[in-house]
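>>> I'd like to go over a predicted model; first the sequence, then the structure.
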Amino acid sequence: MLTLTANAAQAIRDLTASAPEPSQSGIRISSQGEGASSLTLTLATAPEPADEVVETEGARVYLDPVAASVLEDKSLDAGADDQGSVSFLVKEQPV
């Protein structure tokens with residue numbers, strides 16, 4: 001199952017804090033087109049019916065079935081650049 005680093009959890013909480021329903025809001029990672037060649041990250045107010053939900057320290061990530069399979073053994077990290085723009089990075093889970 002996808003894991004979240006403390007940085008990623010904080011970034012997700014920050015992004016969803018001003019959402020209409022912050023208690024259910026999260027980010028959604030979904031596949032684009034056929035296969036898993038491209039994944040898209042968007043803000044979501046709730047999971048889709050088939051989504052897998054990953055919750056860590058109050059941060060929620062909703063994964064469509066293809067994304068859940070692709071990211072099953074990965075870790076989501078986050079960082080910010082000098083201007084404060086957040087970026088997410090998928091890494092191998094530490095052993």
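Received it, and whenever you're ready, just let me know what you need.
>>> and residue 11, helix, strand or coil?
helix (DSSP: H, G, I helix; E, B strand; the rest coil).
>>> Distance of the nearest residue to it once chain neighbours are set aside relative to residue 69?
Leaving aside its chain neighbours, residue 11 sits nearest to residue 78 (3.8 Å; criterion: C-beta to C-beta, 6 or more residues apart in numbering). In short, each C-beta sits where N, CA and C put it, glycine included. Counting by C-beta to C-beta, to the nearest Å, the separation of residue 78 from residue 69 is 22 Å.
>>> Compare the two (neighbour count), which wins?
Between residue 78 and residue 69, residue 78 has the larger neighbour count (other C-beta atoms under 10 Å), namely 20 against 12.
>>> If that one is in a bridge, with which residues?
residue 88 (DSSP bridges).
>>> give the contact list for it.
Residues in contact with residue 78 (C-beta atoms under 8 Å, 6 or more residues apart in numbering) are 5, 7-8, 10-12, 86-89.
>>> Looking at those, which gets the smallest pLDDT?
pLDDT across those is lowest for residue 86, at 89.
>>> Quick check: the gap between it and residue 52.
Taking C-beta to C-beta, one finds residue 86 at 22 Å from residue 52.
>>> When those two are compared, which one has more neighbours?
residue 52 (18 against 15).
>>> my guess is the more buried one contacts residue 69, does it?
No: judged on C-beta atoms under 8 Å, residue 52 makes no contact with residue 69 at a distance of 9.3 Å.
>>> low pLDDT regions in the chain?
33-37, 95 (pLDDT under 70).
>>> hang on, isn't residue 47 packed against residue 64?
No: if you go by C-beta under 8 Å, residue 47 and residue 64 don't touch, sitting 9.3 Å apart.
>>> Look up the residues that both of the two are in contact with.
residue 28.
>>> Need the three-state assignment for the residue located most distally from the centre of the chain.
Relative to the centre of the chain, the most outlying C-alpha is that of residue 82, 22.1 Å out, by C-alpha atoms, centre = their mean. Judged by three-state DSSP, the three-state class of residue 82 is coil.
>>> Check the protein and tell me which residue is nearest its centre.
Central residue of the chain (C-alpha atoms, centre = their mean): residue 61, at 4.1 Å.
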